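*Asks:* I would like the atomic coordinates for the input below:
(one chain, ligands or ions: 1)
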Amino acid sequence: MTPSPTALLPLALLLAACAPRGDAPAPGPRASPKADIAATPACADDAGWDDPAPPVHVHGDTWYVGTCGIAALLVTSPDGHVLLDGATPAGGPLILDNIRAAGFDPRDVRAIVFSHEHFDHVGGLAALQEATGAPVHARAPAVATLARGASDASDPQFGELDPFAPVAQVREIADDAVVRVGALALQAIPTPGHAAGGTSWSWRSCEDGDCRQIVYGDSLSAVSADGFRFSDAPDLVARLRESFASVAALDCDILITPHPSASALWTRLGPQAERPLADPSACRTYAAAGAARLEKRLADEAATGAAP
Ligand SMILES: [Zn+2]
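*Replies:* Numbers count the residues shown, from 1 in each chain. Coordinates of the predicted model:
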């Protein structure tokens, strides 16, 4: 589906409906997506984080604009767009290129959200915010990390995470916030554990009468820096288990994950897709994989008496 020509709404309506963005103009007419996008070569499942990918139409008004190895999504509307995730510092400019290649103007992005506050997903946000003028919406546990450009000791991977450019405009949102731009409504689902501010996102997408629930499911993996023991962090284990339950319970037709390989995206999307993009069991499967990994990790810690 191609983006429809923009209807210029009265400014008051736009401001009422959107996250305000200062002096940016209303979205203007834009070019159609390039016709040759679908012919661009595919991404490998084990692609590098900064390997360029073409923009790929997902469903309805949702586009994949990330790299081959790190996801970013653009949910579009005539009143402005929402960008999900910023990839690495090197990936941020590739996201901008993809937004433009898909036929959209980065200055029409009205809100930025993200999966979790690790450098491989928020490293490009400062540059993306500068290019778009859009605020970054964050649940409370991630606000200070984004502003500082570094995680703290509450993160199980603390000490092994790269710092990133601090994000200037961070807007704190409630755990159950709905981020709205025009008719778009993206529901936040708190999924802490992998990172304290981890958030999954869900929205309705319709295309020619075919409506699907898209879920951008945050990382659920129990990974840590050397020496960290999940067994010694029962609160963290509890949060992870709650996150597994939350994701498993979601209405979920199309799952996309911040690491595309975690949901085998490149077997489901793009010219080499070999199975359907939609799978109503995808979120349950994804949550079960996260749970199995945590249980194995706890068992390994119990067996060795130390972090594996
Ligand atoms: Zn991470």
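*Asks:* Could you look up the SS state of residue 242?
*Replies:* Residue 242 falls in the helix class when you classify it by DSSP: H, G, I helix; E, B strand; the rest coil.
*Asks:* so what's the residue of the stretch 101-250 of the chain found nearest the ion up against?
*Replies:* With CB to the ion, the shortest gap between the stretch 101-250 of the chain and the ion falls at residue 118, namely 3.5 Å. Where you see a C-beta, it was placed from the backbone N, CA and C, and this is true even at glycine. Residue 118 sits next to 151, 157, 161, 195 when contact means CB atoms under 8 Å, 6 or more residues apart in numbering.
*Asks:* out of those, which are buried?
*Replies:* With neighbours counted by 16 or more other CB atoms under 10 Å, the contacts of residue 118 contain buried members at 151, 161, 195.
*Asks:* from those residues, which is closest to residue 247?
*Replies:* Of all these, residue 195 has the smallest distance to residue 247: 14.7 Å, by CB to CB.
*Asks:* so the closest one sits in a strand?
*Replies:* No - secondary structure assignment places residue 195 outside any strand; it is coil (three-state DSSP).
*Asks:* and the residue nearest to it when sequence neighbours are not counted, how many neighbours?
*Replies:* In this structure, residue 195 finds its nearest non-sequential neighbour in residue 116, 3.7 Å apart by CB to CB, 6 or more residues apart in numbering. Look at residue 116: counted by other CB atoms under 10 Å, it has 27 neighbours.
*Asks:* do the same with the one 5 residues further on
*Replies:* In terms of burial, residue 121 registers 29 neighbours under the definition other CB under 10 Å.
*Asks:* Now tell me what touches the one helix or strand it maps to from outside.
*Replies:* Per DSSP states H and E: residue 121 is located in helix 119-122. Residues outside helix 119-122 that contact it (CB under 8 Å, 6+ apart) are 49, 70, 85-89, 114-116, 146, 161-164, 167, 258.
*Asks:* what separates residue 284 from the ion, distance-wise?
*Replies:* Per CB to the ion, to the nearest Å, residue 284 is found 22 Å from the ion.
*Asks:* Could I get the contacting residues of that residue?
*Replies:* 248, 252.
*Asks:* Now do the nearest residue to residue 76 once chain neighbours are set aside, the pLDDT please.
*Replies:* Spatially, and ignoring its direct neighbours in sequence, residue 76 is nearest to residue 61 (4.5 Å; CB to CB, 6+ apart). pLDDT recorded at residue 61 is 97.
*Asks:* Can you report how many residues neighbour residue 61?
*Replies:* Count around residue 61 with other CB under 10 Å applied: 22.
*Asks:* Residue 49: neighbour count?
*Replies:* Here the number of neighbours of residue 49 (other CB under 10 Å) works out to 17.
*Asks:* I figured it was touching residue 89, is that so?
*Replies:* No - applying CB atoms under 8 Å, one finds residue 49 not in contact with residue 89, separated by 10.5 Å.
*Asks:* how close does the residue of the stretch 101-250 of the chain closest to the ion sit to residue 104?
*Replies:* 26 Å (CB to CB, to the nearest Å).
*Asks:* just residue 216 next, same as before
*Replies:* Taking CB to CB, one finds residue 216 at 18 Å from residue 104.
*Asks:* Show me which of these two is the more surrounded one.
*Replies:* Neighbour totals were compared for residue 216 and residue 104, and residue 216 leads with 26 against 23 (other CB under 10 Å).
*Asks:* max-length strand in the chain?
*Replies:* The longest strand of the chain (DSSP state E) is strand 199-207.
*Asks:* so what strands line up beside it?
*Replies:* Neighbouring strands of strand 199-207 in its sheet, by DSSP bridges, are strand 184-190 (antiparallel), strand 210-216 (antiparallel).
*Asks:* Straight-line length of stretch 100-108, end to end?
*Replies:* 11 Å (CA to CA, to the nearest Å).
*Asks:* ignore the last one, stretch 179-188
*Replies:* With CA to CA, one end of stretch 179-188 sits 8 Å from the other.
*Asks:* Just the buried subset of the contacts of helix 119-122, written out for PyMOL, thanks.
*Replies:* Selection of the buried residues among these in PyMOL, burial being defined by 16+ other CB under 10 Å:
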select buried, resi 49+70+85+86+87+88+89+114+115+116+146+161+164+167+258
